[in-house]
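Colleague: kindly return the folded structure for what I paste below:
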Amino acid sequence: MHSLLSDVLEPLAVPVLLDRAVAAFPEQPAMSFFGRRWKYRELADLVDRAGAGLQAHGVVAGDRVGLCLPNTPYSVIFYYAALRIGAVVVNYNPLYVAKELRLQIIDSATTTMVVPDITAIFDKVAEVAESCGVKRTIVCPIADMLPAAIADGYRMSQQATTTQPPWPPRVIPYLQLIEGNNVLRPADIDPVRDLAVLQYTGGTTGVPKAAMLTHGNLTINAAQVCRVMPNLQLGQERMMVVLPLFHVFAMTSVLNGGIAVAAELILHMRFDVDTVLASIARDKPTLLHAVPTIYGALSAAAETHKIDIASIRACISGGAPLPAEVGLRFEALTGARVTEGYGLTEASPTVSCGSPEEAVRPGSVGRPLYATEIEIRDIVDVTRHLPVGERGEICVRGPQVMVGYLNRPLETAASFIDGALRTGDIGYLDADGYLYVTDRLKDLIICSGFNVYPRVIEDALYEHPAVAEVIVIGVPDPYRGQAPHAYVTLRPGMQAEPEQLREFLRDHLSPIELPSRVEIRSRLPKTAVGKLSKKDLIAELALAGRT
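Modeller: Numbering: from 1, shown residues only. The predicted structure follows:
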């Protein structure tokens, strides 16, 4: 068995994952934060006390509880506490500006917000909370979760950036919330029908909307991912948590997946390569789920500083295409094959994943997960199924697929075809059922009537030894309508000129695919989870009057 879940995929309430881990491994470490550790029975106690405190302050089943937190023990505690009492978790990116927070709070009808005592985050939430219907804000001191040896130093050094009392009446300090003799009343949860999380996504239209994910969606997807990972040792694994837990990939594969195997969650507030390498040396993690940029950064730093990261033995890469060389470099350092997965928020999120036990198929994101079906449909006539090897829109069926978008019946209907979720991604299946994702429908570049796929150009540029990262987007062209434009960064100590890179590409691409321009930059924009961000470059061009 790969996890504490049944071999038969059954929809469960998310807190059952924690219950089973506590029952089987009460004395094993559940989470650590800068070296401070909590056992599974201690985590369960904090979850129950937080849940009882929420109920004592008026939170009832169905209420929306917003988590606007960096990765800390509070992220784990309040996620399971809210779900245990039947509330619905709404994940918020702490980097959101006040306008983005306002829109999401109103759309989701969030009535409780959980925030750190970091002034930059607390103040943004406080600015919009009352006018948006938030009834209570729970403030969580970071220093209280640190080891005693460094807590006082943190308080002194961060005093200027930490919010201090007195606070308004609707602000509840964490310690006040969990104190007292409040008795937890666990909710009676129907995992098939009851919502667990509202996860915001741009979807296929670019308009932020909330995917409604049930308890069953999330627990089944955690079980599906665990099935792909061989030789998991229950109660013995240590999961490096560098992806933000407010992101759906981390929420399912790292948080729920880690708890499903009773792993220790090694929490990092953000990805800092030196801090993470020091943690690897100290904490010896065995599991790492991350995005390609993190694998690349860790490999480069470990090689440069000759740091041993071989404790890591199982990895999944998601969120963005994994360049083959990045995976191979990381495997050479750890002995662990980086298997690539594919998914989207609306599928909780994982749809397919490679297996470490099977030979690598370059460019593939593995086969569909257990109980998942993938259909390739014609881009123009979506009712038409395409045969093996032909590119079309990837459509998905499975128990991890959302029930729809919150308050958006038209968008929900448009996202399904004959009951299958339309992903908005372009790809194909090979004869053995392996999936290849070639691009996004919205990223497709039409040059003189021909389809040009940015992924093809990006993969070609990654073959150049000087290239570190690549983004290709379409820009207006007076002759061809659109033309590909490539942005690259170079590896430390390496040099290349834009025209040299274009010449390199002439042997790898057709003339229609050749970028009209290659631009070398010191860095490329990334999202909060570390994915390269095409959206930011497109916005930059729009501001410059290019689109």
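Colleague: what residues are up against Leu298?
Modeller: Residues near Leu298 by C-beta atoms under 8 Å, 6 or more residues apart in numbering: Val273, Val276, Leu277, Ile309, Phe330. No exception for glycine: its C-beta is placed from N, CA and C like everyone else's.
Colleague: the third one: neighbour count?
Modeller: In terms of burial, Leu277 registers 18 neighbours under the definition other C-beta atoms under 10 Å.
Colleague: ok, and the closest non-adjacent residue to it?
Modeller: Ile307 (5.2 Å; C-beta to C-beta, 6 or more residues apart in numbering).
Colleague: name the element that neighbour belongs to?
Modeller: Element membership for Ile307, per DSSP states H and E: none, as it lies in no helix or strand.
Colleague: that one and Ala281 touch, don't they?
Modeller: Yes: applying C-beta atoms under 8 Å, one finds Ile307 in contact with Ala281, separated by 6.4 Å.
Colleague: if we can go back for a sec, report pLDDT for the residue nearest to Leu277.
Modeller: pLDDT, Ile307: 82.
Colleague: same deal with Ala336?
Modeller: pLDDT for Ala336: 87.
Colleague: ok, it - contacts?
Modeller: Contacts of Ala336 (C-beta under 8 Å, 6+ apart): Leu288, Ile312, Arg313, Ala314, Cys315, Phe330, Pro356.
Colleague: rewinding a little: more neighbours: Ile307 and Ala281, which one.
Modeller: Each of Ile307 and Ala281 has its neighbours counted (other C-beta under 10 Å); Ile307 has more, 16 against 12.
Colleague: how about the helices of the stretch 1-150 of the chain, start to end?
Modeller: Secondary structure of the stretch 1-150 of the chain (DSSP state H, counting those that start in this stretch): helices at 15-24, 40-56, 73-84, 98-108, 119-129, 148-157.
Colleague: can you check what angle separates the fifth one from helix 98-108?
Modeller: Yep, that's helix 119-129 we're talking about. 50 degrees (axes from the mean of the first three to the mean of the last three C-alpha atoms, to 10 degrees).
Colleague: give me the buried positions along helix 119-129.
Modeller: Ile121, Phe122, Lys124, Val125, Ala126, Val128, Ala129 (16 or more other C-beta atoms under 10 Å).
Colleague: doesn't Val139 make contact with the second one?
Modeller: Translated: Phe122. Yes: contact criterion C-beta under 8 Å: Phe122 and Val139 qualify, at 6.4 Å.
Colleague: find the residues that touch each one of those two.
Modeller: Residues touching both Phe122 and Val139 by C-beta under 8 Å, 6+ apart: Val115, Pro116, Thr163.
Colleague: and the contacts of the helix or strand of the chain with the lowest mean pLDDT?
Modeller: Using mean pLDDT, DSSP states H and E, the weakest-scoring helix or strand in the chain turns out to be strand 450-452, at a mean of 76. Contact with strand 450-452 is made by Leu444, Ile445, Ile446, Gly474, Gln482, Pro484, Ile512, Glu513, as judged by C-beta under 8 Å, 6+ apart.
Colleague: that older thread, so which of the contacts of Leu298 sits lowest on pLDDT?
Modeller: Ile309 (88).
Colleague: Ala413 is nearest to which of the helices of the stretch 1-150 of the chain?
Modeller: For the helices of the stretch 1-150 of the chain, proximity to Ala413 was assessed by C-beta to C-beta; helix 98-108 is nearest, at 18.6 Å.
Colleague: got a quick PyMOL command for the buried subset of the contacts of strand 450-452?
Modeller: One line in PyMOL is enough to select the buried ones among the contacts of strand 450-452; burial here means 16+ other C-beta under 10 Å:
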select buried, resi 444+445+474+482+484+513
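Colleague: which ones among the contacts of strand 450-452 map onto strands?
Modeller: Ile445, Ile446, Gly474, Gln482, Pro484 (DSSP state E).
Colleague: all strands of the stretch 301-450 of the chain, in order?
Modeller: 314-317, 338-343, 350-353, 367-368, 373-377, 392-397, 404-405, 416-417, 420-429, 435-440, 445-447, 450-452 (DSSP state E, counting those that start in this stretch).
Colleague: out of these, deepest packed?
Modeller: strand 350-353 (a mean of 28; mean count of other C-beta atoms under 10 Å).
Colleague: alpha carbons of that one, as CSV, please.
Modeller: Extracted in CSV, the C-alpha atoms of strand 350-353 (Å, rounded to 0.1, in the frame of the first residue of the first chain):
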residue,chain,number,x,y,z
THR,A,350,-3.1,16.1,-11.1
VAL,A,351,-4.2,14.3,-14.3
SER,A,352,-1.2,12.3,-15.3
CYS,A,353,2.3,11.5,-14.0
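Colleague: which helices and strands sit right next to it?
Modeller: Contact here means 3 or more C-beta pairs under 8 Å, 6 or more residues apart in numbering; DSSP states H and E; on that basis strand 350-353 packs against helix 215-228, strand 338-343, strand 367-368.
Colleague: mind putting those in JSON lines, distance to Glu42 included?
Modeller: Output for those, formatted as JSON lines (distance: least, C-beta to C-beta, whole Å):
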{"stretch": "helix 215-228", "distance to Glu42": "22"}
{"stretch": "strand 338-343", "distance to Glu42": "32"}
{"stretch": "strand 367-368", "distance to Glu42": "38"}
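Colleague: so for Val396, which of those sits nearest?
Modeller: Nearest of those (C-beta to C-beta): strand 367-368, 8.1 Å.
Colleague: returning to that earlier point: could you say which of the contacts of Ala336 is surrounded by the most neighbours?
Modeller: Leu288 (30 neighbours).
Colleague: pLDDT weak spots in this structure?
Modeller: Low-confidence segments of the chain (pLDDT under 70): 1, 202-207, 448-449, 479, 545-547.
Colleague: redo that, cut-off 50
Modeller: Within the chain, the ranges that satisfy pLDDT under 50 run 203-206, 546-547.
Colleague: how is it carved up into domains?
Modeller: 15-215, 444-543 (automatic domain parsing).
Colleague: closest to Ala324 out of those?
Modeller: Closest approach to Ala324 among the domains of the chain (C-beta to C-beta): domain 444-543, 7.6 Å.
Colleague: and the end-to-end length of the closest one?
Modeller: 21 Å (C-alpha to C-alpha, to the nearest Å).
Colleague: got it, and stretch 297-316?
Modeller: 16 Å.
Colleague: how far away is Pro186 from Ala56?
Modeller: Distance, Pro186 to Ala56, using C-beta to C-beta, to the nearest Å: 14 Å.
Colleague: then Pro525?
Modeller: Counting by C-beta to C-beta, the gap from Pro525 to Ala56 is 44 Å.
Colleague: do the same with Lys306
Modeller: With distances taken as C-beta to C-beta, Lys306 is found 53 Å from Ala56.
Colleague: which residues does stretch 233-242 contact?
Modeller: 1, 3-4, 21, 24-25, 28-29, 71, 250, 254-255, 257-258, 261-268, 271, 276, 279-280, 283-290, 294, 311-312.
Colleague: drop anything exposed from the residues you listed.
Modeller: Buried among the contacts of stretch 233-242 by 16+ other C-beta under 10 Å: 3-4, 21, 25, 28-29, 71, 250, 254-255, 257-258, 261-268, 271, 276, 279-280, 283, 285-290, 294, 311-312.
Colleague: just those residues: which are in strands?
Modeller: Counting by DSSP E, the buried ones among the contacts of stretch 233-242 contribute Pro29, Glu264, Leu265, Ile266, Leu267, Leu287, Leu288, His289, Ala290 to strands.
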